[in-house]
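Enquirer: need the 3D shape of this:
(one chain, ligands or ions: 1)
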Amino acid sequence: MVDDAEFDLIIVGGGLVGASLACSLATSKLRIAVVEAVPFRSEQQPSFDDRTVALAYSSCRILETMGLWSKMDIVDGCDIKTIHISDRGHFGFARLHASDAGLQALGYVIPTRTLGAALLAGMSNAENITIFCPASVESVVMHDDSTEVVIEEAGQHRTIGARLLVAADGVHSTIREKIGITYRQRMYQQTAIVTNIETELPHQQVAYERFMPTGPLALLPMDKERCAVIWSNPADRVDEMLAWDDETFLAALQHAFGDRLGKFGKIGRRVSYPLALTEVEETIKPRLVLIGNAAHTVHPVAGQGFNLGLRDVATLAEEIVEAQRGNKDFGALDVLQRYQQRRRRDTQAVSRFTDGLIRIFSNTLMPLLVLRNASLVVVDLFPGIKKMFIRRTSGLAGRLPRLARGLRL
Ligand SMILES: Cc1cc2nc3c(=O)[nH]c(=O)nc-3n(C[C@H](O)[C@H](O)[C@H](O)COP(=O)(O)OP(=O)(O)OC[C@H]3O[C@@H](n4cnc5c(N)ncnc54)[C@H](O)[C@@H]3O)c2cc1C
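Expert: Numbering: from 1, shown residues only. All right, here's what the predicted structure looks like:
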């Protein structure tokens, strides 16, 4: 443990993305402070909660290179072999198989608590990482060559300083507000209900994405017997749906999904998440970087949010380590600008792609309806298009950070 208030790097937000960044630098010589508001093992922890995340192929690779994959309890049956996309009540559908792109799996479905446990162990075992938790940020001062953060932990105020401040404090980023970084946020007027169910028929490692005018419904293979459910619905209907008894909810879910997996059985706890698109023009300022949900939030339709954040992590960690190796100041603006430039295209592409899916599939205009169904058929029939589509959604398009290529930093 570093017993000093001076660090090289301060990460505010020890959620999925912030903790991943700390772990990616666990073998560096950098002194890292992680400031997290909510205790990691508490029920209220907003990042390591009841959700599952579909990890894209490149994310699994990043976690593997970081040495975290082997530490996670990966259960049988959670690897996605096929994605089945359909437009409820219409002719179009597409199937994407891992083998279409020469992959073993299109991704893995992991409970965020499993991921959280591995990340917490990774941070706790690293000598260069100091965790302040539960702790909140009181104020931030940016100097030319450093940043100073006043935190409150167990009633005590403490000033910690570093060369670089990383805001990984989620969609309502306090750091973003305190520094005055402008952002655009559009609520989708949709809320996702997340739960899990048992199905009568085996899912055979197929992930289903079913589009409906009210919002998409995803069923993801969680283990051999269960599927994770992410069901987006109009925001004004969700309170009523959450109040339904299990039987009523299951009947509505069955009606929406159909009988492809037989009768739905036991259902888990239902939790809801309001959905928004958040875009930040500048994710950097001198001595500051925004990553993960603090920099971008997308609709969970294609399971891309954390995957995008993990690519932020892999790229930023690479830039930091490279600058440090060249005896350069990794908090200097030119280093941060290079990071921002490397991340911009991927972030924009994923935001536009997920937003486009929601707009196109919630539209009931006949020409658009025919066009989108025809597009699904085209994706299903043409191997070249399938492969391109898989590579993009698996995070394998463009210049990949070292960790995603299996290379250590
Ligand atoms: C329903 C749903 C399903 C999803 N499914 C997928 C999926 O399948 N695949 C995928 O890739 N992504 C998915 N996502 C997106 C994914 O959950 C997010 O992208 C991810 O949680 C972002 O992580 P983060 O660490 O940036 O932010 P968060 O998870 O919000 O974590 C932020 C952390 O910062 C802490 N914090 C906040 N403010 C402060 C402060 N002032 N001081 C200190 N700490 C602070 C919080 O306590 C929290 O621990 C889904 C999202 C939703 C809503």
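
Enquirer: which stretches in the protein count as helices?
Expert: 16-24, 57-65, 112-125, 174-179, 235-243, 246-257, 305-325, 333-361, 366-381, 383-393 (DSSP state H).

Enquirer: near the ligand, which residues of the stretch 51-200 of the chain are found?
Expert: Residues of the stretch 51-200 of the chain that fall close to the ligand, judged by C-beta under 6 Å from any ligand atom: 51, 53-54, 136-137, 168-171, 174, 192, 194. In short, each C-beta sits where N, CA and C put it, glycine included.

Enquirer: tell me the most buried of the helices of the chain?
Expert: For the helices of the chain, the largest average neighbour count (mean count of other C-beta atoms under 10 Å) is found in helix 16-24, namely a mean of 28.

Enquirer: picking up where we left off before, would you turn the helices of the chain into a markdown table with distance to L220 and mean pLDDT?
Expert: Below are the helices of the chain laid out as a markdown table (distance: least, C-beta to C-beta, whole Å; pLDDT from 0 to 100):
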| stretch | distance to L220 | mean pLDDT |
| --- | --- | --- |
| helix 16-24 | 17 | 98 |
| helix 57-65 | 15 | 96 |
| helix 112-125 | 13 | 95 |
| helix 174-179 | 30 | 96 |
| helix 235-243 | 20 | 97 |
| helix 246-257 | 12 | 97 |
| helix 305-325 | 14 | 97 |
| helix 333-361 | 16 | 94 |
| helix 366-381 | 19 | 77 |
| helix 383-393 | 14 | 86 |
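
Enquirer: contacting residues around the residue nearest to the spatial centre of the chain?
Expert: In the chain, the residue lying closest to the centroid (C-alpha atoms, centre = their mean) is F306, at 1.2 Å. Listed by C-beta atoms under 8 Å, 6 or more residues apart in numbering, the contact set of F306 reads 16-17, 53, 55, 59, 292.

Enquirer: from those, which two are the most distant?
Expert: The distance between the two most remote of the contacts of F306 (C-beta to C-beta) is 14.6 Å, for L55 and G292.

Enquirer: let me see the ranges of the strands in the stretch 101-250 of the chain.
Expert: Remark: strands assigned in the stretch 101-250 of the chain by DSSP state E, counting those that start in this stretch are 107-111, 129-132, 135-142, 147-153, 156-162, 164-167, 183-199, 206-211, 217-221, 226-234.

Enquirer: just name the most buried of those.
Expert: Taking mean count of other C-beta under 10 Å, strand 164-167 is the most buried of the strands of the stretch 101-250 of the chain, at a mean of 28.

Enquirer: strands paired with that strand, and their directions?
Expert: strand 9-12 (parallel), strand 288-290 (parallel) (DSSP bridges).

Enquirer: I'd like those strands laid out as TSV, including mean pLDDT, distance to L261 and mean neighbour count.
Expert: Converted to TSV, the strands paired with strand 164-167 look like this (pLDDT from 0 to 100; distance: least, C-beta to C-beta, whole Å; neighbours: other C-beta atoms under 10 Å):
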stretch	mean pLDDT	distance to L261	mean neighbour count
strand 9-12	98	41	28
strand 288-290	98	40	25
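
Enquirer: tabulate those strands in JSON lines, adding columns for distance to the ligand.
Expert: Below are these laid out as JSON lines (distance: least, C-beta to the nearest ligand atom, whole Å):
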{"stretch": "strand 9-12", "distance to the ligand": "5"}
{"stretch": "strand 288-290", "distance to the ligand": "9"}
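
Enquirer: just put those strands in TSV and tack on distance to V313.
Expert: TSV is the format used below for the strands paired with strand 164-167 (distance: least, C-beta to C-beta, whole Å):
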stretch	distance to V313
strand 9-12	10
strand 288-290	11
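
Enquirer: of all these, which lies closest to E318?
Expert: strand 288-290 (13.0 Å).

Enquirer: so what touches that closest one?
Expert: Against strand 288-290 from outside (C-beta under 8 Å, 6+ apart): 142, 147, 164-167, 173, 175-176, 179, 181, 280, 283-284, 316, 336, 339-340.
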